[in-house]
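> Pasted the sequence and its predicted model underneath.
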Amino acid sequence: MTKAIPTERYMTAGAHTVGAEQTLSHAAAVMKKHDIRHLPVLHGGKLVGIVSDRDLRLLESLPDVSPTLITVSDAMTTSVYAVSPETPIHEVVRNMAAHKYGSAVVMQGDKVVGIFTTVDVCKAFLALVHAP
């Protein structure tokens, strides 16, 4: 049996977040600036959801939707897959695959400390395959 690898080893630390009351335009700008596809959504400093670039594109494609007026809370998913940094990576990947999650928000207590995405899964796989 091999030792469990903690998710924090491969997560993207210092995940960018967005406020639930901010606009879709703002969220899209943050994603573009940082070349990311997922933003944990906070309200009063607490995690309340997650919004993806796909969520934004879907809403922005609807007629009469103004990204400068609609808030992130209208686009976010409230069911967030959150894990601790110590959660074994195999457990996180198993759940992401089983439920088709695009990401896991990494939480230390009530604080967002990172995000683990499908891109991070690929990076971890590559590192493990090429491990000495």
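The structure has been received and is ready for your questions. Worth saying up front: this structure is predicted, and the values here are computed from it rather than measured.
> Could you check how far the helix or strand hosting residue 56 is from the centre of its chain?
Using DSSP states H and E, residue 56 sits in helix 53-61. From the chain centre to the centre of helix 53-61 is a distance of 16 Å (Cα atoms, centre = their mean, to the nearest Å).
> So which elements touch it?
Packing partners of helix 53-61 (3 or more Cβ pairs under 8 Å, 6 or more residues apart in numbering; DSSP states H and E): helix 24-34. Placement of C-beta: from N, CA and C, glycine included.
> tell me which residues of the helix it packs on are tucked away?
Within helix 24-34, the residues that count as buried by 16 or more other Cβ atoms under 10 Å are 24, 26-28, 30-31.
> quick one, strands of the chain?
12-13, 18-19, 38-43, 46-52, 82-83, 103-108, 111-117 (DSSP state E).
> Make JSON lines from the ones you listed and add mean neighbour count to it.
Output for the strands of the chain, formatted as JSON lines (neighbours: other Cβ atoms under 10 Å):
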{"stretch": "strand 12-13", "mean neighbour count": "14"}
{"stretch": "strand 18-19", "mean neighbour count": "21"}
{"stretch": "strand 38-43", "mean neighbour count": "23"}
{"stretch": "strand 46-52", "mean neighbour count": "20"}
{"stretch": "strand 82-83", "mean neighbour count": "18"}
{"stretch": "strand 103-108", "mean neighbour count": "22"}
{"stretch": "strand 111-117", "mean neighbour count": "20"}
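> can you redo the ones you listed as a markdown table with mean pLDDT and distance to residue 62?
A markdown table is the format used below for the strands of the chain (pLDDT from 0 to 100; distance: least, Cβ to Cβ, whole Å):
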| stretch | mean pLDDT | distance to residue 62 |
| --- | --- | --- |
| strand 12-13 | 90 | 30 |
| strand 18-19 | 97 | 20 |
| strand 38-43 | 97 | 20 |
| strand 46-52 | 97 | 15 |
| strand 82-83 | 96 | 29 |
| strand 103-108 | 96 | 24 |
| strand 111-117 | 95 | 26 |
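> Fine, thanks again, bye for now.
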